[in-house]
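S.K.: when you get a sec, could you give me coordinates for this:
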Amino acid sequence: MRKGPQYKTCRRLGEAIFPKCQTTKFAISGAENKNKKHKKALSEYGAQLLEKQKARLTYGVTERQFSNYVKKARNSHGTNTPNEVFKMLESRLDNVVFRLGLAPSRAFGRQMVSHGHVLVNGRRLNIPSYSVKTGDKIAVRPQSKGKGLFTNIEERLKDHTQPNWVVLDDKKLEGEIKTLPEFTSSESNLNFSAIIEYYSRV
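M.R.: Have a look, this model is predicted:
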């Protein structure tokens, strides 16, 4: 998605969901606050729809993919459905590449995976939606390390903090899944309970 449409989407949703919106320029513009001031009070359904859209666009998945994650989570007996949806989204390979700091955004991570620059347990994998498991090893393909995609990655990694469920060897550009993610307010500002309620009404 080009920068213009991303800015427009962030303003419409009232939140900086894309990295290009997470800038001082965007914050100074007051786009988020202006948007919230002029919006009419949302109905409960409208608020739930907004949360769903924010989550779907944050992770860069289609409506069909998102609804399938919700359906699968509901069918997982004995689990917390909102947490299960969060876990599925966070466990996507494109998201993991982003979380490790190997890509500056989820969209960039999806491109890296699709173009075959990422190895999972030593095997080249080009499926962005692949669901990682505890103990999986994620690495940049050796033949890809010299490409422009990874120019100055060492500098970028200095300012990157991985979540506690992954670990990265920044010298080898290899990461490992220590455990599967669990939803907490520090992990995400999305309201997954509202999202589940939305799908129960459609």
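S.K.: isn't residue 105 right next to residue 98, touching?
M.R.: Yes - with contact defined as CB atoms under 8 Å, residue 105 counts as touching residue 98 (6.3 Å). (C-beta placed from N, C-alpha, C; glycine too.)
S.K.: quick one, which of the two is more surrounded?
M.R.: Neighbour tally, residue 105 and residue 98, criterion other CB atoms under 10 Å: the higher count belongs to residue 98, 23 against 15.
S.K.: okay, now residue 197: neighbour count?
M.R.: Residue 197: 17 neighbours (other CB under 10 Å).
S.K.: dump the residue contacts of it.
M.R.: By CB atoms under 8 Å, 6 or more residues apart in numbering, the contact set of residue 197 is residue 48.
S.K.: look up how far residue 52 lies from it.
M.R.: Distance check for residue 197 against residue 52: by CB to CB, to the nearest Å, it reads 10 Å.
S.K.: and residue 98, by the same measure?
M.R.: Distance from residue 98 to residue 52, by CB to CB: 21 Å.
S.K.: what's the closest non-adjacent residue to the residue most central in space within the chain?
M.R.: The centroid of the chain falls nearest to residue 59 when counting by CA atoms, centre = their mean (3.9 Å). Of all residues not flanking residue 59 in the chain, residue 89 sits nearest, at 4.9 Å (CB to CB, 6 or more residues apart in numbering).
S.K.: next SSE after the lowest-mean-pLDDT helix or strand in the chain?
M.R.: Every helix and strand of the chain was ranked by mean pLDDT, DSSP states H and E. The lowest is helix 31-38, at a mean of 50. Helices and strands here follow DSSP states H and E; after helix 31-38, the next one along the chain is helix 44-59.
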